[in-house]
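Chemist: After the sequence you'll find the predicted model.
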Amino acid sequence: MERASNLQHLTTSNNLSGWLNGFIGVVIFSGSLPATRVAVLEFDPVFLTLARASIAGVIALCVLLLLQAKRPDRSQIFPLLIVAMGVVVGFPLLTALALQHVTSAHSIVFLGMLPLSTAAFAVLRGGERPRPAFWLFSILGSALVVAFAVSQGLTASPRGDVLMFLAVIICGLGYAEGAKLSRTLGGWQVISWALVLSLPVMATLAVYFAPSSFANISTPAWLGLAYVSLFSMLIGFVFWYRGLAQGGIAAVGQLQLLQPFFGLALAATLLHETVSIGMFAVTGAVILCVIAAKKFAK
């Protein structure tokens with residue numbers, strides 16, 4: 001009886017820690033698209049993707065060496081490559097390209113589909129089986145976001161919207177694969193090793209695609225690059241992967257529905273972009289979906 005009570009207490013503690021870590025990760029990620037938007041105004045999107053991964057990769061390598069982290073075994077290499085493809089290369093590149101065509105406020109709306117993408121890959125790759133009601137609220141939340149995007153006129157920049165949609169799909173795969181691997185390798189180790197595995201290629205290409213001169217790059221653009229390199233590419237994932245592993249990929253993944261709220265606030269505050277009442281109304285509705293989905297996640 002006591003053993004069962006202790007097990008239940010441990011499970012509850014892990015769930016709470018998972019949601020807290022996941023929430024911190026989401027707050028950090030919320031600044032990614034506004035920061036990318038600032039940086040991509042002066043940096044080429046391909047170079048920006050390569051540079052942020054290279055900077056984060058060097059930092060990750062130093063941390064791994066300093067802490068003498070255990071190397072991943074052979075069976076973990078392929079999952080790490082999937083993580084790298086999804087969150088080190090795919091999502092940053094696709095969003096940087098998209099932000100040449102749409103505002104950060106518009107692109108943030110698409111992030112409302114990330115929880116559904118993550119949950120789908122949690123089933124396909126993580127072996128999770130949420131209850132049917134979970135899918136109802138997850139789909140409802142994503143549908144609200146998509147409906148709002150359509151009401152704003154997707155035809156205004158179909159290229160940007162398609163790029164954001166592809167970014168959401170590949171990011172969901174990277175999140176689910178990384179969270180699954182975090183259960184055995186550790187959250188910060190997963191993103192660190194994924195960055196290190198990508199480093200030789202990304203650093204070489206970063207040098208090749210580097211602009212001939214950095215003299216005209218403004219301070220805001222450098223700050224944008226610094227944020228996406230340190231926080232979006234590394235620190236945010238330390239909390240995010242730990243949260244997904246502790247609280248469940250599909251369940252904690254629903255916290256991503258809150259990301260548009262924080263991102264829109266940043267876009268309005270820092271970039272002075274127009275944020276309509278409708279955007280906040282949709283965000284409020286999807287928050288209710290997060291609460292409902294959490295209840296039926298397991």
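Modeler: Arrived safely, thanks for sending.
Chemist: what sits against Thr95?
Modeler: Ser32, Leu33, Thr36, Ser107, Leu163, Met164, Ala167 (Cβ atoms under 8 Å, 6 or more residues apart in numbering). For the C-beta atoms, the positions are set from N, CA and C on the backbone; glycine is no exception.
Chemist: Work out for me the element the second one sits within.
Modeler: Element membership for Leu33 (DSSP states H and E) is helix 32-40.
Chemist: Which residue in the contacts of Thr95 has the weakest pLDDT?
Modeler: The weakest per-residue confidence within these falls on Ser107 (74).
Chemist: Reformat the contacts of Thr95 as TSV; add distance to Val63.
Modeler: TSV is the format used below for the contacts of Thr95 (distance: Cβ to Cβ, whole Å):
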residue	distance to Val63
Ser32	21
Leu33	26
Thr36	24
Ser107	30
Leu163	32
Met164	31
Ala167	27
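Chemist: hmm, back to that, buried by neighbour count: which residues of the next helix-or-strand element following the helix holding Leu33 qualify?
Modeler: Next helix or strand after helix 32-40 toward the C-terminus (DSSP H and E): helix 45-66. Across helix 45-66, burial judged by 16 or more other Cβ atoms under 10 Å covers 45, 47-57, 59-60, 63-64.
Chemist: From the chain's centroid, how far away is helix 45-66?
Modeler: When distances are taken as Cα atoms, centre = their mean, to the nearest Å, helix 45-66 is centred 16 Å away from the chain's centroid.
Chemist: and that helix with helix 32-40, angle?
Modeler: 120 degrees (axes from the mean of the first three to the mean of the last three Cα atoms, to 10 degrees).
Chemist: Would you mind writing the CA trace of helix 45-66 as CSV?
Modeler: Extracted in CSV, the C-alpha atoms of helix 45-66 (Å, rounded to 0.1, in the frame of the first residue of the first chain):
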residue,chain,number,x,y,z
PRO,A,45,17.9,32.9,-44.2
VAL,A,46,20.1,30.1,-45.2
PHE,A,47,23.2,31.7,-43.5
LEU,A,48,21.1,32.4,-40.5
THR,A,49,20.1,28.8,-40.2
LEU,A,50,23.6,27.6,-40.6
ALA,A,51,25.1,30.2,-38.2
ARG,A,52,22.6,29.6,-35.4
ALA,A,53,23.2,25.9,-35.5
SER,A,54,27.0,26.3,-35.7
ILE,A,55,27.1,28.7,-32.7
ALA,A,56,24.8,26.5,-30.6
GLY,A,57,26.9,23.4,-31.7
VAL,A,58,30.1,24.9,-30.5
ILE,A,59,28.6,25.8,-27.1
ALA,A,60,27.0,22.3,-26.9
LEU,A,61,30.4,20.7,-27.6
CYS,A,62,32.1,22.7,-24.9
VAL,A,63,29.4,21.7,-22.4
LEU,A,64,29.6,18.0,-23.3
LEU,A,65,33.4,18.0,-22.9
LEU,A,66,33.3,20.0,-19.7
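Chemist: what bits of the stretch 101-250 of the chain have low per-residue confidence?
Modeler: 104-105, 108, 146, 149-150, 152-156 (pLDDT under 70).
Chemist: what kind of secondary structure is Phe214 in?
Modeler: Taking DSSP: H, G, I helix; E, B strand; the rest coil as the rule, one finds Phe214 in the coil state.
Chemist: what's the neighbour count on it?
Modeler: Phe214 has 11 neighbouring residues, counting by other Cβ atoms under 10 Å.
Chemist: distance of it from Leu50?
Modeler: 15 Å (Cβ to Cβ, to the nearest Å).
Chemist: end to end, how far does stretch 120-133 reach?
Modeler: Its first and final residues considered, stretch 120-133 spans 14 Å by Cα to Cα, to the nearest Å.
Chemist: got the buried residues for it?
Modeler: By neighbour count on 16+ other Cβ under 10 Å, the buried set for stretch 120-133 is Ala120, Phe121, Ala122, Arg125, Gly126, Glu128, Pro130.
Chemist: same for the helix holding Leu33, what does it pack against?
Modeler: Judged by 3 or more Cβ pairs under 8 Å, 6 or more residues apart in numbering; DSSP states H and E, helix 32-40 is in contact with helix 45-66, helix 91-98, helix 104-110, helix 219-227, helix 259-270.
Chemist: quick one: which of these is nearest Val196?
Modeler: Closest of the helices and strands packed on helix 32-40 to Val196 is helix 45-66, at 5.1 Å (criterion: Cβ to Cβ).
Chemist: want to throw the helices and strands packed on helix 32-40 into TSV with distance to Ser17?
Modeler: Shown next, in TSV, are these (distance: least, Cβ to Cβ, whole Å):
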stretch	distance to Ser17
helix 45-66	22
helix 91-98	25
helix 104-110	27
helix 219-227	26
helix 259-270	20
